[in-house]
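# Test case, fold it:
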Amino acid sequence: MTVPVRVENLGKVYQVRQRQGLFKSSKQSVEALRGVSLEVHQGEIFGLLGPNRAGKTTLIKIITTLLLPTRGEAWVNGYHIEREENQVRATVGCMLMGERGLYWKLTGRENLEYFGALYHLSPSGRRQRSQHILSLLSMDDIADRTVETYSSGQKMMLAFGKALINDAPLLVLDEPTNTLDVPSASELRAIVRQLNNEGRTVIYTTHIMSEAETLCDRVAIIDHGQLLALGTVGELKTSLQRNQVTHIEGVISSKVEDAVRALPFVLQASRTAQGGITMLTVVSASGKENLSLLIETLISAGAVIQKLAPEEPTLEDVFIAKTGRTLAEDTRVQ
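Predicted coordinates for the structure are as follows:
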């Protein structure tokens, strides 16, 4: 059986021009991928997690032949990404640019039929395929309006539909629920599951941990251009079970975070603020004595604790343990 995606030691280096004053600039090398190797299995939903600019978009652009790697090789549906790029493109459905990949002066139906023509579908074939997609996405009522009149969510749904036009065995979806409201995002995920149940393999990038946790069969965590973890959600959670994950809410300063990080049994600590509440997630060696010392350190450093709870590991906790940061943080690598 052909492996949908096989990646061996992929690396990508960009030459970035950096301005020095008004009239001078210099080139700087930025390594966006550093020896990434992985396989995507037939019929799975494969999640690719990483903060902005961690290298995941560079990886999927190489897989879909939009970028050439600096080193390493990759095969998609049995085709080499450099020597057989046309065959790769014919067997992949891509949603990489969201609404930016649409023609706003055309209607939704005209957009789909246009992209169907680019895949060499017959006139009748692209009409039938476009109508099937519009019905699947519940967009029949706006199909003949120009895209410029669509809401952001409707444009994203149409961009998703565009990825389905060639009925490819492999779908690559980059942040497909971005800008969608909760009901639309739920509907799109349900369609992804349906397509997967019909036999399609899906590569799915997301910033939403709960989305990856409920949707993906396996997950890869990438940061600073490196593959840090790979496995099922259950396997990744199990890897943390020998440790203790503690969530602390309250008034927690950066000074408190530094004091916690300095404790010898603390493996990772990450502080986030949302809705006026600061949360500190601590991954540490388990033990009652360690929890007591953690609480003492928090109070001594000036923290005001509103809630402290050792909990079962989540995928978010795995990400923090592997990277030392939350998924929302921007690493500015690519």
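
# ok now stretch 194-212, how far from the chain's centre?
Relative to its parent chain, stretch 194-212 has a centroid offset of 10 Å by CA atoms, centre = their mean, to the nearest Å.

# do the same with stretch 3-20
17 Å.

# cool, stretch 276-285 as well?
That offset, for stretch 276-285, works out to 23 Å (CA atoms, centre = their mean).

# repeat for stretch 193-204
16 Å.

# so how many other residues sit close to residue 206?
Neighbours of residue 206 under the rule other CB atoms under 10 Å: 23. Every residue, glycine included, has its C-beta placed from N, CA and C.

# list the contacts for it?
47, 49, 175, 177, 212 (CB atoms under 8 Å, 6 or more residues apart in numbering).

# Please flag which of these sit within strands.
47, 49 (DSSP state E).

# which of the contacts of residue 206 lies closest to residue 93?
Nearest to residue 93 out of those is residue 175 (CB to CB; 15.4 Å).

# Dihedrals phi and psi, the residue nearest to the closest one when sequence neighbours are not counted?
Leaving out its chain neighbours, the residue that sits closest to residue 175 by CB to CB, 6 or more residues apart in numbering is residue 205, at 5.8 Å. Per-residue torsions, residue 205: phi -100, psi 140 (degrees, to the nearest 10).

# Report how many residues lie close to residue 205.
24.

# Could you measure from it over to residue 236?
17 Å (CB to CB, to the nearest Å).

# For the contacts of residue 206, work out which two are farthest apart.
Taking CB to CB, no two of the contacts of residue 206 sit farther apart than 49 and 177, at 14.1 Å.

# Looking at the two, which has the bigger crowd around it?
Taking other CB under 10 Å, residue 49 and residue 177 do not tie; residue 49 has more neighbours (29 against 23).

# Not counting sequence-adjacent ones, nearest residue to that one?
residue 221 (5.1 Å).

# And for residue 64?
Residue 64 sits nearest to residue 94 (CB to CB, 6+ apart), 5.1 Å away.

# what packs against the helix or strand where residue 309 lies?
For residue 309, the element it lies in under DSSP states H and E is strand 304-311. On a contact count with 3 or more CB pairs under 8 Å, 6 or more residues apart in numbering; DSSP states H and E, strand 304-311 meets strand 243-251, helix 288-300.

# before we move on, the earlier item: of the contacts of residue 206, which is the nearest to residue 109?
Nearest to residue 109 among the contacts of residue 206, with distances taken as CB to CB, is residue 177, at 23.3 Å.

# still on that earlier bit, wait, what's in contact with the residue nearest to residue 175?
Per CB under 8 Å, 6+ apart, neighbours of residue 205: 47, 48, 49, 50, 56, 57, 60, 173, 174, 175.

# With distance to residue 266 and pLDDT as added columns, please give these in JSON lines.
JSON lines is the format used below for the contacts of residue 205 (distance: CB to CB, whole Å; pLDDT from 0 to 100):
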{"residue": "47", "distance to residue 266": "28", "pLDDT": "95"}
{"residue": "48", "distance to residue 266": "28", "pLDDT": "93"}
{"residue": "49", "distance to residue 266": "23", "pLDDT": "89"}
{"residue": "50", "distance to residue 266": "23", "pLDDT": "83"}
{"residue": "56", "distance to residue 266": "28", "pLDDT": "88"}
{"residue": "57", "distance to residue 266": "32", "pLDDT": "88"}
{"residue": "60", "distance to residue 266": "34", "pLDDT": "93"}
{"residue": "173", "distance to residue 266": "36", "pLDDT": "95"}
{"residue": "174", "distance to residue 266": "34", "pLDDT": "91"}
{"residue": "175", "distance to residue 266": "32", "pLDDT": "89"}
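
# any idea how far the residue nearest the centre of the chain is from residue 177?
The residue lying closest to the centre of the chain (CA atoms, centre = their mean) is residue 205, at 2.4 Å. Distance, residue 205 to residue 177, using CB to CB: 11 Å.

# got it, and residue 84?
32 Å.
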